[in-house]
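Participant: Provided below for reference: sequence and predicted model.
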Amino acid sequence: MRIAVAGATGNIGSLTVAALERAGHEVVPISRSLGRDLTTGDGLDDALAGVAAVVDTTNHTGTERSQTVDFFGTTTRNLLTAGEKAGVRHHVVLSIVGIDAVEGNAHYAGKREQERLVAEGPIPWTIVRATQFHDFAAMVASWTERDGVAALAPLLVQPIAPADVADVLAEIAVGEPQGRYRDVAGPETQDLVDMARRTHAARGQDVRLVPTWSGLFGTSMAGNVLLPGEGARLVPTTFDAWLAEQSEV
């Protein structure tokens, strides 16, 4: 089966490409570095010729709401337009658990716009919402760290391994469109501050963590907001297993 992966050179995208290729599928990688630009649409018509399914794993690091919404809106429209023209039969998009409950987050606003366009678009679709990745806690701490001190919200999360996410996306891409797929999450609930502490210890990093709701993430993300819903699909890789890999690096 010929399948295109948007954001193919990113973390999840590259793992999804690998998972599809292991299963014997022909993968068309879509990335600006390969001359296929989602923001302009350049190269998409040629890339999607003969493609049966598209998996969108694109990401955006902007912090302004308007910028993020514009990015996901533009890239999604371009991908859907080219996909419809090429006769793509299945559009799969990776999204995030809990985005409906968090209004003030710029990234979540962009993902909501992406989901809306896909759901209202011309191609049969599947939206896969996943929880935060195992490296999320340390990544957030790195954003706020100053002189060995990092502020971090005590979020409750159920972290997931990127490779497990990629395997789910690859499996879904070759099947029939399912609309809104059930939430996908790791096997165990974790506290973000504790995750960051344990990750730093495994990596031999000395960072003092200050739990606070006055930093990047507010109380709108507290409690069960970021946890998967009822009937979620739980994938196998634990945070402890991922931590063991960090100490070996």
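Facilitator: Right, received. Where do you want to start?

Participant: Tell me where this structure is predicted with low confidence.
Facilitator: Scanning the chain for pLDDT under 70 picks out the ranges 247-249.

Participant: Mind jotting down where the helices sit in the protein?
Facilitator: With DSSP state H, the ranges of helices along the chain come out as 11-22, 44-47, 65-86, 106-119, 136-144, 162-173, 192-203, 239-248.

Participant: tell me which residues in the fifth one are buried?
Facilitator: The one in question is helix 136-144. Buried residues in helix 136-144, counted by 16 or more other Cβ atoms under 10 Å: Phe136, Ala137, Ala138, Val140, Ala141, Thr144. For glycine as for every other residue, the C-beta is placed from the backbone atoms N, C-alpha and C.

Participant: Could you do the first one as well?
Facilitator: Of the residues in helix 11-22, Asn11, Ile12, Gly13, Ser14, Leu15, Thr16, Val17, Ala19, Leu20 count as buried by neighbour count, 16+ other Cβ under 10 Å.

Participant: Can you tell me which of those residues comes closest to Val92?
Facilitator: Ranked by distance to Val92 (Cβ to Cβ), the buried residues of helix 11-22 are led by Thr16 at 9.4 Å.

Participant: Now do the contacts for the spatially closest residue to the closest one that is not a sequence neighbour.
Facilitator: In space, and not counting its chain neighbours, Thr16 is closest to Ala166: 4.3 Å by Cβ to Cβ, 6 or more residues apart in numbering. Taking Cβ atoms under 8 Å, 6 or more residues apart in numbering, we find Ala166 in contact with Ile12, Leu15, Thr16, Ala18, Ala19.

Participant: Report the separation between the nearest residue to the second one once chain neighbours are set aside and Ala18.
Facilitator: What that stands for is Leu15. Sequence neighbours aside, Ala166 is the residue nearest to Leu15 in space, at 3.5 Å (criterion: Cβ to Cβ, 6+ apart). Taking Cβ to Cβ, to the nearest Å as the measure, Ala166 falls 7 Å from Ala18.

Participant: cool, and Thr58?
Facilitator: On the measure of Cβ to Cβ, Thr58 and Ala18 end up 17 Å apart.

Participant: And Gly218, by the same measure?
Facilitator: Gly218 is 37 Å from Ala18, where distance means Cβ to Cβ.

Participant: Gly223 too?
Facilitator: Taking Cβ to Cβ as the measure, Gly223 and Ala18 are separated by 36 Å.

Participant: And for Thr9?
Facilitator: Between Thr9 and Ala18 the distance is 12 Å, computed by Cβ to Cβ.
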